[in-house]
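# Predicted model, plus sequence, below.
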Amino acid sequence: MANPWAGEVAIVLDGQRHVAKLTLGALAELEEAMETGSLLDLVQRFEERRFSTRDVLALIVAGLRGGGWQGTAADLLRVEIGGGPVEAARAAAELLARAFALPGET
């Protein structure tokens with residue numbers, strides 16, 4: 001079970017449940033993978049609902065890797081995400097919210 005107090009979000013890949021979390025290392029990987037802008041720009045795009053599928057994919061990969069998953073973005077392109085694109089976008093937004101929320105805000 002994902003622990004929201006620890007910033008965790010559950011994501012289902014090909015029917016198997018995984019825990020995702022934006023650790024400091026995962027955030028560093030995410031920042032490196034981003035083509036332009038900063039993490040604050042990414043947060044703003046989600047707040048304004050202007051995010052791209054590339055943003056969602058990058059966040060999901062970073063969160064899964066922060067949760068211990070050993071896959072890559074290329075691996076994620078070949079799996080079915082439970083709930084489809086809408087659930088992937090919701091999980092990505094939740095990862096961001098939980099990573100940057102103060103205790104008691106989520």
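Done, it's in.

# Check the protein for its longest helix and report it.
helix 84-100 (DSSP state H).

# For the residue lying closest to Thr53 once chain neighbours are set aside, grab the count of nearby residues.
Excluding its sequence neighbours, the residue lying closest to Thr53 (Cβ to Cβ, 6 or more residues apart in numbering) is Pro85, at 7.3 Å. Every C-beta, even on glycine, is put in place using the N, C-alpha and C of the backbone. Pro85: 10 surrounding residues under other Cβ atoms under 10 Å.

# from what I can see Pro85 touches Leu57, true?
No. Pro85 is beyond contact range of Leu57, at 10.2 Å (criterion: Cβ atoms under 8 Å).

# Next, Ala20: phi, psi?
Note on Ala20: backbone dihedrals following degrees, to the nearest 10 are phi -110, psi 150.

# so how many other residues sit close to the nearest residue to it once chain neighbours are set aside?
Spatially, and ignoring its direct neighbours in sequence, Ala20 is nearest to Gly63 (3.2 Å; Cβ to Cβ, 6+ apart). Gly63 has 30 neighbouring residues, counting by other Cβ under 10 Å.

# List the contacts of Gly63.
Gly63 makes contact with Val9, Ile11, Ala20, Lys21, Leu22, Ala26, Ala91, Ala92, Leu95, according to Cβ atoms under 8 Å, 6 or more residues apart in numbering.

# Show the pLDDT at it.
pLDDT recorded at Gly63 is 96.

# mind checking how far the strand or helix carrying it is from the chain centre?
Assigned by DSSP states H and E, Gly63 belongs to helix 53-66. Mean-position distance between helix 53-66 and its chain equals 4 Å (Cα atoms, centre = their mean, to the nearest Å).

# The helix or strand following that helix: which residues count as buried?
Downstream of helix 53-66, the next assigned helix or strand under DSSP H and E is helix 73-76. Under the neighbour-count criterion of 16 or more other Cβ atoms under 10 Å, helix 73-76 has Leu76 buried.
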